[in-house]
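> sharing a model that was predicted from the sequence below.
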Amino acid sequence: MSQLSLQSNTPEPLKETLFVQVLLPLPLPKTFTYRVPDKQAEKVQHGVRVIVPFGKKKIITGVIKEITNQAPADYEARYLFEVLDDYPMIMPQQFKLFEWIASYYMATEGETFNVGIPSGLKLSSESKLQLHPQFNRDDSPYIFSNLEDIVINLLKKEGLLSYQQIAELASTKEISLLIKELLRKQVILLIEQVKEKYKPKTEKYVKLNKSYLQKDKLEQLMELLEKKPRQLDILLKYLQQVPVFQDAELNENGFAKAQFANSGLSDSSVNTLIKNDILEVFDKEISRLDIDSNHQYTADINLTDFQEEAKSSLEEQFAKHDVNLLQGVTGSGKTEIYLSFIKEVIDSGSQALFLLPEIAITTQMIQRVRKIFGKQVGVYHSKFSDAERVEIYRGVAEGSINFIIGVRSSIFLPFNNLSFIVVDEEHEQSYKQFDPAPRYHARDAAIVLGKIHQAKVLLGSATPSLESYFNAKNNKYGYYELTQRYKEVKLPHIEIINMKKEKAKKQTNGDYSHSLIEQLKVEVEKKKQAIIFQNRRGYAPYIQCETCGWIAECENCSVSLTYHMHQHQLKCHYCGFRQKSPAVCLNCESSNLQMKGFGTEKIEDDLHLMFPEVKIQRMDKDTTRKKYSYQQIIEAFENNETQLLVGTQMVSKGLDFKNVSLVAIVDADRMMFYPDFRAHERAFQMMLQVSGRAGRDKEQGQVFVQTYQHDNPLFYYLKNYDIKGFYEKQLEERYQFAYPPFYRLIKVILKSKEAVQTQKSAQLMYNGLTQIFGTKRVLAPHEPVIAKIKNIFHQEIWIKLEKGHPLDQAKQKISEVTNKLKEDKQFNKVRIYFDVDPA
Ligand SMILES: Nc1ncnc2c1ncn2[C@@H]1O[C@H](COP(=O)(O)OP(=O)(O)OP(=O)(O)O)[C@@H](O)[C@H]1O
Ligand SMILES: [Zn+2]
């Protein structure tokens with residue numbers, strides 16, 4: 001029964017005690033029930049955030065999932081501390097998505113919630129309390145308890161205290177009361193006031209004092225200022241920017257104070273005008289999103305006949321299919337088609353989501369989209385600050401942003417009226433989240449998001465994933481193939497260079513065939529540009545002693561160290577370990593150390609030697625660490641300031657350059673011969689994608705592919721652009737060896753610091769799994785390609801389930817086997833993860 005009703009003396013009607021089920025951003029399999037303090041009861045609603053105590057000392061932000069009047073049966077519910085929002089921050093559709101992702105990818109809803117919302121919306125135990133600025137212990141009419149005095153003194157000393165620190169002083173039962181008392185006695189500033197990590201960004205603005213809005217008053221003022229020309233200039237500038245006589249209300253918008261100085265006017269004169277009450281200064285909340293709000297956005301989309309045809313066919317198919325696949329050759333203008341769909345959706349008042357792989361969201365793309373959609377579009381990207389992301393999140397929740405262009409995590413935004421989703425470059429591996437859980441695939445989750453909202457989903461790519469191709473083929477998705485480039489240029493000519501033969505004929509110079517070098521010379525002379533692709537960064541992938549065979553390896557991981565020449569260092573690309581490159585072999589002290597293989601850094605170097613006059617840049621993880629370096633490299637290339645661009649897969653993603661006539665794939669074999677059942681598919685897609693950067697404007701481009709495996713059938717399909725032929729062949733193999741899309745894979749990953757424990761636990765897990773699924777469906781435990789990363793040993797078990805095998809039941813069984821293993825104390829240091837549909 002409600003405590004409060006017992007305390008009251010008058011027989012008021014009994015108030016019902018409310019309880020809420022709260023989803024916490026933690027890897028726990030359930031929600032927790034909290035009791036709602038009476039005063040907060042009115043604010044309680046679905047989807048609002050709450051601050052709650054958790055465990056002995058933690059305070060965290062969760063979200064209300066259910067409201068009930070049922071106390072939990074098996075534990076005493078604690079009071080929640082605060083309700084944070086006036087309107088829901090998590091929409092009912094988001095809860096559904098969390099549920100699906102958690103269940104499908106064998107994660108928890110809490111983990112999903114945790115990755116789903118920007119950390120700026122998660123008040124953590126680190127949130128601060130501060131002393132009320134007006135508080136004075138001696139003047140205060142209140143009496144303070146010992147504990148309160150301790151907190152006061154601590155606040156005086158520290159300035160700020162975290163909720164967590166206070167929790168350490170008091171027991172959890174007391175803390176809620178303690179904070180309430182401190183608030184009542186006006187000792188601390190309301191938690192509410194300091195609760196958000198997110199602060200709106202403001203800027204100083206000025207406006208004209210109201211009394212001068214009348215024409216005669218203003219004229220008097222101008223006369224008065226005749227003798228003070230610098231102040232008059234400012235006034236005139238203001239009137240020019242804010243024409244208050246056309247519309248007096250404009251005055252309220254004001255003008256940014258800093259803008260006067262920016263246009264060469266005196267800041268001190270502005271201050272004088274403020275001092276004399278002619279201008280008033282105020283703080284204006286401005287967007288971090290850097291959009292010129294006065295600009296009119298009118299850019300049109302004019303589809304070509306081919307594109308129109310594609311669009312109307314897709315429209316027809318959407319009547320029957322919720323998901324359509326648009327397979328359009330590189331440079332066919334798929335983006336234009338997406339945007340034309342999206343425009344209709346936005347104009348009808350619904351929301352749209354345009355997903356892109358991380359790297360493909362370039363300024364190029366954003367500017368194009370901004371020109372059409374202006375302020376209605378929000379960009380959601382991992383290079384943005386958390387505050388910027390919170391701003392977008394709120395914009396979607398409040399309905400001021402209808403169109404999101406973003407990376408995989410944008411599926412978690414608080415849409416409530418979503419009707420169209422585009423997944424561009426849908427074959428991209430980077431749509432899959434590797435760590436932490438949930439290990440979801442954003443394309444597949446987007447399709448589910450579409451179902452939840454009854455939205456249409458358009459997948460697009462020049463080289464679809466085998467899965468999507470298969471679904472289209474089986475009529476599960478609608479499908480349209482666009483074979484024509486926008487400018488109707490032919491697709492680039494692909495030349496396969498047989499390096500074995502070239503080497504034998506001495507037609508090579510180091511790692512490059514003479515024909516490639518000659519062609520580069522021709523293009524350079526014609527002032528054309530070229531892209532040189534190598535999917536390996538650094539200088540040399542490894543160094544080896546020619547005398548004893550020793551290879552420099554990472555201390556923490558089972559990989560060779562990559563030589564980086566500029567720093568003369570050996571680096572591990574997995575854990576960041578680095579050391580000075582040794583002068584002699586660390587095993588036999590021979591000085592006969594050789595660099596093996598080659599990465600982008602070496603290619604850049606070689607090209608500098610071959611083309612000393614030519615401007616060359618390199619784009620890989622090493623050269624794009626800063627926020628804008630990626631853009632700078634792209635812009636320099638776009639503006640023809642650089643002529644040769646060397647890069648990893650980063651150069652293959654949706655980039656649109658007019659002047660590129662040649663693409664070189666220096667080492668095709670590296671991509672193809674990687675122990676992964678998708679290696680061929682990936683290599684094929686990557687080669688076609690990077691090829692697609694050539695000859696996009698007027699003349700047909702050229703592609704040179706160097707390989708030592710020139711007979712491999714993959715090259716036959718590649719040079720004939722026979723995507724279907726290649727995919728059909730791949731499907732045969734996938735079927736034969738029981739891989740997706742015919743079978744579903746679930747990968748169990750076991751990790752620990754001890755190799756033996758990891759192995760033993762994997763063996764036990766395997767035994768348990770085979771008892772349920774049989775030996776055919778479970779592959780024996782094995783070390784992954786890189787068996788040790790950062791001193792943690794890995795083992796993997798693959799489970800292959802034929803389509804149609806009851807999935808929920810299978811996952812349930814896998815969890816049971818896992819839990820049993822976890823009960824065994826000797827394995828309590830072994831961590832177990834699941835990866836459903838590993839990419
Ligand atoms: N209807 C159109 N009107 C104006 N420009 C267009 C139109 N269609 C395509 N373009 C231009 O053609 C170029 C290629 O288009 P886009 O980048 O959309 O191709 P894509 O199909 O996405 O290719 P990729 O798969 O290589 O990324 C771009 O510069 C784009 O602006
Ligand atoms: Zn390492």
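Happy to help now that I have it. Ligands and ions are numbered 1, 2, ... in the order given.
> domain-wise, how is the protein divided?
Here the domain parsing of the chain from automatic domain parsing is 16-121, 128-194, 210-277, 325-482, 493-536+598-723, 540-597, 743-836.
> what's the span of the fourth one, first residue to last?
Distance between the two ends of domain 325-482: 11 Å, counting by C-alpha to C-alpha, to the nearest Å.
> pull out the buried positions in stretch 521-538.
523-524, 528-538 (16 or more other C-beta atoms under 10 Å). Placement of C-beta: from N, CA and C, glycine included.
> so which of those comes closest to E76?
Nearest to E76 among the buried residues of stretch 521-538 is R537, at 56.2 Å by C-beta to C-beta.
> enumerate the residues of this protein near ligand 1.
302-304, 307, 328, 330-336, 462, 486, 654, 656, 692 (C-beta under 6 Å from any ligand atom).
> number of residues surrounding the residue nearest to Y469 when sequence neighbours are not counted?
Nearest non-adjacent residue to Y469, counting by C-beta to C-beta, 6 or more residues apart in numbering: Y727, 5.3 Å away. By the measure other C-beta atoms under 10 Å, the count of residues near Y727 is 21.
> just the buried ones from the residues of the chain next to ligand 1?
303-304, 307, 328, 330-336, 462, 486, 654, 656, 692.
> element containing L129?
strand 128-130 (DSSP states H and E).
> pull out the buried residues from the helix or strand just after that strand.
Per DSSP H and E, strand 128-130 leads on to helix 146-158 as the next helix or strand towards the C-terminus. Within helix 146-158, the residues scored as buried using 16+ other C-beta under 10 Å are 147-148, 151-152, 155.
> among the buried residues of stretch 521-538, which one lies nearest to W798?
Among those, N535 lies closest to W798 (C-beta to C-beta), at 25.0 Å.
> before we move on, the earlier item: from the buried ones among the residues of the chain next to ligand 1, which land in helices?
Using DSSP state H, 307, 334-336 are the members of these that sit in helices.
> so how far is the helix or strand encompassing K503 off the chain centroid?
Assigning secondary structure by DSSP H and E places K503 in helix 499-504. Offset of helix 499-504 from its chain centre (C-alpha atoms, centre = their mean, to the nearest Å): 43 Å.
> now tabulate the domains of the chain in TSV and tack on distance to E315 and mean pLDDT.
What follows is the domains of the chain, written out as TSV (distance: least, C-beta to C-beta, whole Å; pLDDT from 0 to 100):
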stretch	distance to E315	mean pLDDT
domain 16-121	25	90
domain 128-194	49	76
domain 210-277	42	87
domain 325-482	8	93
domain 493-536+598-723	24	92
domain 540-597	46	86
domain 743-836	30	93
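> so which of those domains comes closest to ligand 2?
When these are compared by C-beta to the ion, domain 540-597 sits nearest ligand 2, at 3.0 Å.
> what about the helices in the stretch 151-300 of the chain?
With helices called from DSSP state H, counting those that start in this stretch, the stretch 151-300 of the chain shows them at 163-169, 172-184, 191-194, 215-225, 229-241, 257-262, 267-275.
> can these go into TSV with extra columns for distance to ligand 2?
TSV is the format used below for these (distance: least, C-beta to the ion, whole Å):
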stretch	distance to ligand 2
helix 163-169	34
helix 172-184	42
helix 191-194	41
helix 215-225	69
helix 229-241	57
helix 257-262	48
helix 267-275	53
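> any chance of JSON lines for the ones you listed, columns distance to D711 and mean neighbour count?
As requested, these are exported to JSON lines (distance: least, C-beta to C-beta, whole Å; neighbours: other C-beta atoms under 10 Å):
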{"stretch": "helix 163-169", "distance to D711": "64", "mean neighbour count": "19"}
{"stretch": "helix 172-184", "distance to D711": "70", "mean neighbour count": "17"}
{"stretch": "helix 191-194", "distance to D711": "68", "mean neighbour count": "15"}
{"stretch": "helix 215-225", "distance to D711": "85", "mean neighbour count": "13"}
{"stretch": "helix 229-241", "distance to D711": "70", "mean neighbour count": "17"}
{"stretch": "helix 257-262", "distance to D711": "65", "mean neighbour count": "16"}
{"stretch": "helix 267-275", "distance to D711": "73", "mean neighbour count": "16"}
